[in-house]
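A.B. asks: Pasting a predicted model and its sequence here:
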Amino acid sequence: MDISPSVYEHAAFLIDRTPWEASRDGDLIFEAHAEAYRTYRQTPVMPGIDIYNLEAEAYGGVIDKPDGIGIPAISKPIFHSAHELTQLKPLDPKRDGRIPVIIDVARRLAAEFPEAVIRVPVSGPFSIASNLVGFETLLLNVATEPDRVATSLMHLVDGQV
């Protein structure tokens, strides 16, 4: 059986940095994932430390610096219902948040390791919505307004493709 580890925040450890430090700097993300690939030869290589935050942060979510080696995360929801997500403009991966940094790191890794399979991580709309609305609120909206939630999630997909 083939095993393919996914290396995210652990990559920061490999270069003696915290996940917070590495997640905020494209050079550190590159260094961390280059070292992870040299160590594990995993496939695919998916540059990123706190991958479930990228889109939510680009939409306005706030990430507080965690203590020690904690993994960065969206600190609190910025919307009160899933329906509010339909007011968001689709993301532009060339300019929004840290997404361009991750794309650049992926290009750099592909140039450095041409034999490696490099993929840019993309969060699904439910993960993005749970960060922006809050998991409990999102589940409540799913139970009470499933069609509106479906519309909201499909709206987020526009920023993913």
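C.D. replies: Nice, thanks for sending it over.

A.B. asks: Do you have the helices of the protein handy? List them.
C.D. replies: 10-14, 19-23, 26-40, 54-58, 99-112, 125-133, 135-144, 146-157 (DSSP state H).

A.B. asks: Reformat the ones you listed as TSV; add mean neighbour count and distance to Ser75.
C.D. replies: In short, each C-beta sits where N, CA and C put it, glycine included. Below are these laid out as TSV (neighbours: other CB atoms under 10 Å; distance: least, CB to CB, whole Å):
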stretch	mean neighbour count	distance to Ser75
helix 10-14	21	19
helix 19-23	23	13
helix 26-40	20	21
helix 54-58	24	11
helix 99-112	17	19
helix 125-133	23	10
helix 135-144	15	14
helix 146-157	16	20
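
A.B. asks: Throw the ones you listed into a markdown table and include mean pLDDT, thanks.
C.D. replies: Shown next, in a markdown table, are those (pLDDT from 0 to 100):
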| stretch | mean pLDDT |
| --- | --- |
| helix 10-14 | 97 |
| helix 19-23 | 98 |
| helix 26-40 | 98 |
| helix 54-58 | 96 |
| helix 99-112 | 98 |
| helix 125-133 | 98 |
| helix 135-144 | 98 |
| helix 146-157 | 97 |
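
A.B. asks: and the ones you listed as CSV, adding distance to Ser4?
C.D. replies: Below are the helices of the chain laid out as CSV (distance: least, CB to CB, whole Å):
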stretch, distance to Ser4
helix 10-14, 14
helix 19-23, 21
helix 26-40, 9
helix 54-58, 21
helix 99-112, 16
helix 125-133, 21
helix 135-144, 28
helix 146-157, 26
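
A.B. asks: Quick check: which of those is nearest to Asp67?
C.D. replies: Smallest distance to Asp67 across those (CB to CB): 9.3 Å, for helix 19-23.

A.B. asks: helices or strands next to the closest one in the packing?
C.D. replies: Helices and strands touching helix 19-23, by 3 or more CB pairs under 8 Å, 6 or more residues apart in numbering; DSSP states H and E, are helix 10-14, helix 26-40.

A.B. asks: Which residues does it contact?
C.D. replies: For helix 19-23, the surrounding residues in contact (CB atoms under 8 Å, 6 or more residues apart in numbering) are 9, 11-12, 15, 28-29, 32, 48-50, 53, 65-66, 69-72, 98.
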